[in-house]
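*Asks:* Quick one, fold the following:
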Amino acid sequence: MKTSALAFAASLALAACGGLGGGGSKADLVKWCVDSGDAPADCECMAGRLQAELSPELFSTLATGFTAGEDAAAEALENLPEDQQMEAMSALIEAGMSCTGTVPAEG
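*Replies:* Sure thing, here's the model as predicted:
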């Protein structure tokens, strides 16, 4: 079963037990997602949902972390305060499920 890039990122977030750090944009996140092999419509949907649900600062942190690569995403997640980690993970999972119908694996 195909797992979307952002759903994979949610799995990574869960595995890392959480956080992220600053900059980035919706366009960069969509490009990264598409470059990871996911459908452009799914990527647009997920990035749009994340942008709508998260604060601009947290969205920017996520976008920066994911576009920098898996290691950077994990490190960024680990550096977030616990409440932001939970908010980010919840938004990632919800966006993945809503936009792709895929339930991310937990590790």
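
*Asks:* Off-centre distance for the helix or strand harbouring Lys31?
*Replies:* Assigned by DSSP states H and E, Lys31 belongs to helix 26-35. Taking Cα atoms, centre = their mean, to the nearest Å, one finds the center of helix 26-35 at 11 Å from the center of the full chain.

*Asks:* Repeat that for stretch 74-84.
*Replies:* Centroid displacement of stretch 74-84 relative to its chain, using Cα atoms, centre = their mean, is 12 Å.

*Asks:* Also stretch 63-79?
*Replies:* The chain centre lies 9 Å from the centre of stretch 63-79; the measure is Cα atoms, centre = their mean.

*Asks:* So which bits of it are buried?
*Replies:* Buried residues in stretch 63-79, counted by 16 or more other Cβ atoms under 10 Å: 63-68, 73-77. No exception for glycine: its C-beta is placed from N, CA and C like everyone else's.

*Asks:* Ends of it, what's the gap?
*Replies:* Stretch 63-79 has an end-to-end distance of 15 Å (criterion: Cα to Cα, to the nearest Å).

*Asks:* ditto for stretch 34-44
*Replies:* End-to-end distance for stretch 34-44, by Cα to Cα: 9 Å.

*Asks:* which of the residues in it are buried?
*Replies:* Neighbour-count burial for stretch 34-44, counted by 16+ other Cβ under 10 Å, picks out 34, 38, 42-44.
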